[in-house]
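Q: Have a look at this prediction, sequence included:
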Amino acid sequence: MLPRPLSSKLSIAIVGAGFAGLTLANVLQQNEGDTVLVTVLESSSRLPGSIVFVGDINVPSLFTVLKQLSISIDTKDACSDMDRVMISRQQLKKALYENLRPGTVRCRQRVTGIEKRGDGLIDCIVEQANDDETQDTKLG
């Protein structure tokens, strides 16, 4: 089971270190401050910055969102096409990951179930994933 925090903080588990999981973790840490303990559980043994991605993303409001999260991305190596800037998925994922507090992302953690507690909260049941099970996992 995911360990409960020692304080009265609300503990939030986010399953998966994809774009959505990393962005949500950033938003919660930025907006909720010290009132919540955020943990991202990722079954892969590799951290976001160490993975090779195929393709690029081009979202017009991406830089607006990143600015709101106080995340900056070096665009000197980005592909610029008139009014659009394309950055690699790896570059974006690495920026989201590096903006999180240390220890937020826990690799090799597979959620196998959930249990509802008597107080209405839910506990995640996690187990350590081995490399054989996660070698096909792709972040992104």
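A: Received it, and whenever you're ready, just let me know what you need.

Q: now residue 127: how far from residue 39?
A: To residue 39, residue 127 is 15 Å away according to C-beta to C-beta, to the nearest Å. Every residue, glycine included, has its C-beta placed from N, CA and C.

Q: Likewise for residue 20?
A: 15 Å.

Q: With residue 88 instead?
A: Residue 88 is 27 Å from residue 39, where distance means C-beta to C-beta.

Q: How about residue 97?
A: The value you get for residue 97 to residue 39, if C-beta to C-beta is used, is 14 Å.

Q: can you list residues touching both of these two?
A: residue 105 (C-beta atoms under 8 Å, 6 or more residues apart in numbering).

Q: all helices for the chain, in order.
A: 19-32, 62-68, 89-98, 131-134 (DSSP state H).

Q: and of these, who's closest to residue 120?
A: Taking C-beta to C-beta, helix 19-32 is the member of the helices of the chain nearest to residue 120, at 19.4 Å.

Q: helices and strands around the closest one, which ones?
A: Using 3 or more C-beta pairs under 8 Å, 6 or more residues apart in numbering; DSSP states H and E, the elements in contact with helix 19-32 are strand 10-15, strand 36-42, helix 89-98.

Q: how about the CA coordinates for that helix, as CSV?
A: Below are the C-alpha coordinates for helix 19-32, written out as CSV (Å, rounded to 0.1, in the frame of the first residue of the first chain):
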residue,chain,number,x,y,z
PHE,A,19,2.2,14.2,-19.8
ALA,A,20,-1.1,14.3,-17.9
GLY,A,21,0.3,12.8,-14.8
LEU,A,22,3.4,15.0,-14.7
THR,A,23,1.3,18.1,-15.5
LEU,A,24,-1.3,17.3,-12.8
ALA,A,25,1.5,16.8,-10.2
ASN,A,26,3.0,20.2,-11.2
VAL,A,27,-0.4,21.9,-10.9
LEU,A,28,-1.1,20.3,-7.5
GLN,A,29,2.3,21.1,-6.1
GLN,A,30,2.2,24.7,-7.3
ASN,A,31,-1.4,25.5,-6.2
GLU,A,32,-1.8,23.3,-3.1
